[in-house]
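# sequence and predicted model, in that order:
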Amino acid sequence: MGLSKPKIVDFAPLIDRVEGRLSSLTTFLNYGQILTMVNSILSSLPTYYMSTIKLPKKVIMHIDRARRHCLWRKTAEVSAKTHSLAAWDMVCKPKNKGGLGIINLEFQNCALLLKHLDKFFNKQDIPGVKLIWTNYYPDASLPPHACKEMGSFWWKDIIRLIPLFRAIAQITPHGEDSALFWKDDWHGTDPCFAEQFKVLFSYAAKEDISIFGFMNDQNLTNQFYLPISPQALQEWNTLQNLIAHVSLNNEDDHWGYKWSHPGFQSKQVYSLFYDHLSVDLPLTFIWKSKCTLKLKVFLYGF
């Protein structure tokens, strides 16, 4: 990885490796064996790249073409047209949600890159994390996601994932200015205060104030545009009761997550992309059955 953003041609070795795995022998495999090959080999080849940088959509398109060709093809020629038995978006869904469980590379790329934000916001003792905080965010009065984009092409791609990261994060504030008072989920009351107290938030003078900055100055004159409405005043009293027990110290904030397992897990993030889909009970029964994978894929297509 250089100082400039990689071009499409720079990913040619990756695309060639994926297409090079399309052996003519796969034409003699059944759909169950081909599905295993797509998931275990072709989908795993870009993992190292996706853990480091955001892949361009055109690169993902080329890799998906090779994976789709491997799954449905009838000839050994990569350029030959194939007749897909199901839409690609559909087969990329999890098996219990109506798909074949093939990894969606765009979603997987985002899930893998979020680990960099986990290290960054938790201020892990890593040289790269220290370098970013020191060079890009020397002023600790504003959280990083309240500042304008800055830094290298790599870091800009990472910080554009902050809205997704904040949606899955649960912050425990201690005293650092790494989280927003109004817009981040830090009090354990979902949704955030900006959504919970909409009328009061409409009077806020500093919408992007940090938790530390608000807790140290709760003067109505400094925090809101006066006068405020009676409903806003009622919400202010409710908000004060909620944050009355909050105490801050000089330790780093802790960014946890809304799932039950401790620590960041890319697998959990990936599953959230399909969390809104309902479970397909007949297909769940098929995939959990003890018949061979060949028959399971056949029943899926049937």
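Nice, thanks for sending it over.
# now H145, what's its secondary structure?
Put simply, H145 is helix when judged by DSSP: H, G, I helix; E, B strand; the rest coil.
# what residues are up against the residue lying closest to it once chain neighbours are set aside?
In this structure, H145 finds its nearest non-sequential neighbour in I162, 4.6 Å apart by CB to CB, 6 or more residues apart in numbering. Where C-beta positions appear, they are placed from N, C-alpha and C, glycine not excepted. The neighbourhood of I162, defined by CB atoms under 8 Å, 6 or more residues apart in numbering, consists of L117, P144, H145.
# residue ranges for the strands of the protein, please.
Assigned strands in the chain, in chain order: 169-172, 254-257 (criterion: DSSP state E).
# among those, which comes closest to L45?
Comparison of those against L45 by CB to CB identifies strand 254-257 as nearest, at 28.3 Å.
# who does that closest one pair up with?
According to DSSP bridges, strand 254-257 forms sheet pairs with strand 169-172 (antiparallel).
# avg pLDDT for the strand it pairs with?
The average pLDDT for strand 169-172 rounds to 85.
# just the CA trace of that strand, in CSV.
What follows is strand 169-172 as a C-alpha-only set of coordinates in CSV (Å, rounded to 0.1, in the frame of the first residue of the first chain):
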residue,chain,number,x,y,z
ALA,A,169,-21.4,0.7,19.8
GLN,A,170,-22.3,1.1,23.4
ILE,A,171,-20.1,3.7,25.1
THR,A,172,-19.1,3.8,28.7
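# re the thing from before, which of the contacts of I162 count as buried?
L117, P144, H145 (16 or more other CB atoms under 10 Å).
# got the confidence number for the last one?
When you say that, I think you mean H145. What the model reports as pLDDT for H145 is 87.
# picking that back up, ok, so of the buried ones among the contacts of I162, who is nearest I8?
Distances from I8 to the buried ones among the contacts of I162, taken by CB to CB, are shortest for L117, at 25.9 Å.
# would TSV of the strands of the chain with distance to V129 be doable?
Below are the strands of the chain laid out as TSV (distance: least, CB to CB, whole Å):
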stretch	distance to V129
strand 169-172	16
strand 254-257	13
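# mind giving me JSON lines with those strands and columns for distance to I34 and mean neighbour count?
Below are the strands of the chain laid out as JSON lines (distance: least, CB to CB, whole Å; neighbours: other CB atoms under 10 Å):
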{"stretch": "strand 169-172", "distance to I34": "38", "mean neighbour count": "18"}
{"stretch": "strand 254-257", "distance to I34": "35", "mean neighbour count": "18"}
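# looking at those, which is nearest to T238?
Taking CB to CB as the criterion, T238 comes closest to strand 169-172 out of the strands of the chain, the separation being 20.5 Å.
# how far does that closest one sit from the chain's center?
15 Å (CA atoms, centre = their mean, to the nearest Å).
# show me the contact partners of it.
Outside strand 169-172, the residues within contact range by CB under 8 Å, 6+ apart are 121, 178-179, 184-186, 188, 211, 253-258.
# related to what we said a few turns ago, do you know how far the residue nearest to H145 is from I168?
Taking CB to CB, to the nearest Å as the measure, I162 falls 11 Å from I168.
# how about the helices in the stretch 51-200 of the chain?
In the stretch 51-200 of the chain, the segments counted as helices under DSSP state H, counting those that start in this stretch are 57-72, 88-91, 105-121, 127-136, 153-159, 162-168, 193-196, 198-201.
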